[in-house]
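Enquirer: how would this look folded up:
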Amino acid sequence: MKKEILLCGALMLSLAGQAESILRVEFTDGTFTDYRGDKIENVTFEETSKCGLIQGKRFVDLGLPSGLKWATCDVGSDDENTNGSKFAWALTTPTTADQVPWSDYKYFDTENNDAPMTKYCENERFGKVDSLNVLEPSDDAASVHWGGEWRMPTKEEVEELVRECNISAVREANRLGNLFTSDKNGYEYVSLFFPYPSHLSNYWTSSLYETSSVMAYYYQMEDFFGIYTPSVSIGPKGAGRGHTCYVRAVSTSNNIEKDPMVVIHLKNGSVEEYLSAQVKDLFFYDSEASSTSQESGSLDGYGYVDLGLSVLWATHNVGASSPAGRGGLYAWGETAEEVGDTSVLYPTAYSALQYKYSLDDKIDSVSKYCVVDTFGVVDNLVRLEASDDAASVNWSSKWRMPTVEELNELMENCSVLFTDDYEGTGVSGILLTSKVPGYTDRSIFLPGNGYIQYEQKPTDAEGKELDDPYYWSSSLCEARCWLAWQMTFSLNRGWEEITFPRTIGASI
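Expert: Modelled structure (predicted):
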């Protein structure tokens with residue numbers, strides 16, 4: 001039975017009588033996170049200045065040294081997952097064009113092509129010198145469209161954002177972009193998302209380019225996939241002022257409308273915080289889930305559970321001998337874990353240098369499983385063959401890796417319970433319990449083992465290895481053939497369908 005909780009009202013939620021229930025936090029993006037009632041001390045609702053509204057537009061405070069607040073959406077959009085309007089630099093009229101011709105550019109003198117700029121010029125070689133190197137409010141698209149307490153960021157403010165945040169690439173089915181997450185004490189849960197639906201989005205700064213007054217600084221959101229450091233990939237670059245880019249606004253205003261925040265205090269002393277703007281619903285429901293996974297039978301010596309779905313699911317990972325075993329980490333299409341080349345001083349394992357199907361040591365060029373010639377040798381194979389399937393090779397021909405559709409079926413038809421100590425083993429992961437009538441007493445456990453790239457696992461701000469579950473499917477990403485589909489789970493975002501470079505090692 002579902003027991004609703006209002007997101008406003010009482011400052012503290014009593015958990016009396018809820019020990020056997022599950023607290024579910026549902027998010028506005030459709031994901032959710034579950035907490036066992038007996039693990040929660042209390043839930044509080046607190047006002048925070050770390051997010052809210054300025055002149056009706058939503059912001060987040062990432063705890064940056066400058067105190068700058070960043071808008072959560074582009075100018076011209078109310079959805080953080082969708083790009084807004086494009087503008088030429090110093091022009092405030094939106095356009096769909098990729099470039100505004102100089103003949104239509106407000107501050108270009110067409111009768112003086114040798115030194116044409118009539119405003120924002122620091123060198124007479126380029127026009128009339130006025131020593132203005134940052135946009136004035138009347139020429140700032142953010143100020144004009146959102147109000148005087150908003151403006152475009154300077155080059156230095158973008159550099160601060162890149163320098164002071166952890167940056168990751170989000171690769172979900174309907175959500176591509178760069179996620180900036182604060183690593184400042186007290187701000188760890190605050191993040192800022194920049195979309196790039198077409199795998200690339202350019203954003204203006206308000207800063208004139210120093211050495212050429214016909215140019216200005218922009219910054220670029222793209223999927224750097226570990227090829228470059230974020231500061232190289234994203235950091236400010238120069239472009240002609242007539243080019244069009246998106247605009248993300250910033251503010252230093254303290255005239256804010258504060259948002260409430262949901263704070264979950266766990267009995268182990270840890271605290272989970274969620275901005276209320278991210279939370280769609282919060283409620284308890286009675287748990288029918290078992291705390292362990294149960295075996296329904298076995299195939300060639302490997303146990304399985306029948307969850308009432310289209311396929312049977314193994315009780316443990318490839319490379320493991322029990323449900324709590326983490327198992328191996330495999331590159332997509334490889335059947336053994338990689339070992340680095342100790343004769344060189346740089347990492348080779350789980351990179352294009354060692355990947356079985358890479359061409360010319362390039363991460364985005366492959367010799368098998370390709371449907372687009374831009375990315376390698378076309379063979380029109382979109383699903384792993386048995387000889388490249390780690391489950392088939394390591395177990396038997398009766399076993400194989402799931403397709404992305406089968407992983408989706410698992411996600412959609414099971415309830416999810418996160419545990420940081422499965423059956424007293426100290427292993428964290430998620431317990432999936434079938435929601436199919438007649439099978440609701442059956443579960444499987446997916447231990448978290450993170451992923452590995454260039455012989456390293458990602459770490460948090462304290463240097464601890466991240467161990468969220470990352471599980472390969474057998475399905476190729478047909479749009480970008482050097483990627484393949486995965487499922488992952490995190491407390492912050494729940495289940496996600498994502499694409500990862502095939503060179504990365506993940507669980508099966």
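
Enquirer: burial count for Gln456?
Expert: When neighbours are counted by other CB atoms under 10 Å, Gln456 registers 12. (Each C-beta comes from the backbone N, C-alpha and C, glycine too.)

Enquirer: for the nearest residue to it once chain neighbours are set aside, grab the count of nearby residues.
Expert: Distances taken as CB to CB, 6 or more residues apart in numbering place Pro347 nearest to Gln456, at 7.0 Å, with adjacent residues excluded. When neighbours are defined as other CB under 10 Å, Pro347 has 15 of them.

Enquirer: quick check, Pro347 in a helix?
Expert: No - according to DSSP: H, G, I helix; E, B strand; the rest coil, Pro347 belongs to no helix; its state is coil.

Enquirer: hang on, isn't it packed against Gln354?
Expert: No - between Pro347 and Gln354 there is no contact under CB atoms under 8 Å: 9.2 Å.

Enquirer: burial check on Asp98, number of neighbours?
Expert: Neighbours of Asp98 under the rule other CB under 10 Å: 11.

Enquirer: where are the low-confidence patches of this protein?
Expert: Applying pLDDT under 70 to the chain flags residues 1-20, 28-32, 171-174, 198-199, 223-233, 285-294, 345, 458-466, 490-494.

Enquirer: next, Trp395: phi, psi?
Expert: For Trp395, the backbone dihedrals (degrees, to the nearest 10) come out as phi -110, psi -80.

Enquirer: next up, the contacts around it.
Expert: 300, 302, 318 (CB atoms under 8 Å, 6 or more residues apart in numbering).

Enquirer: okay if I get these as CSV plus distance to Gly147, secondary structure and neighbour count?
Expert: Shown next, in CSV, are those (distance: CB to CB, whole Å; DSSP: H, G, I helix; E, B strand; the rest coil; neighbours: other CB atoms under 10 Å):
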residue, distance to Gly147, secondary structure, neighbour count
Asp300, 67, coil, 9
Tyr302, 62, strand, 18
Val318, 56, coil, 22
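
Enquirer: want to throw the residues you listed into JSON lines with distance to Leu282?
Expert: As requested, the contacts of Trp395 are exported to JSON lines (distance: CB to CB, whole Å):
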{"residue": "Asp300", "distance to Leu282": "45"}
{"residue": "Tyr302", "distance to Leu282": "39"}
{"residue": "Val318", "distance to Leu282": "37"}
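
Enquirer: against Asn254, how distant is the residue nearest to Gln456?
Expert: Between Pro347 and Asn254 the distance is 46 Å, computed by CB to CB, to the nearest Å.

Enquirer: so who does the nearest residue to Trp399 once chain neighbours are set aside touch?
Expert: Nearest non-adjacent residue to Trp399, counting by CB to CB, 6+ apart: Ala391, 4.4 Å away. Counting by CB under 8 Å, 6+ apart, Ala391 touches 314, 318, 399-401, 508.

Enquirer: tell me the helix or strand right after the helix or strand that Ala391 is a member of.
Expert: Using DSSP states H and E, Ala391 sits within helix 390-394. Next helix or strand after helix 390-394 toward the C-terminus (DSSP H and E): helix 404-412.
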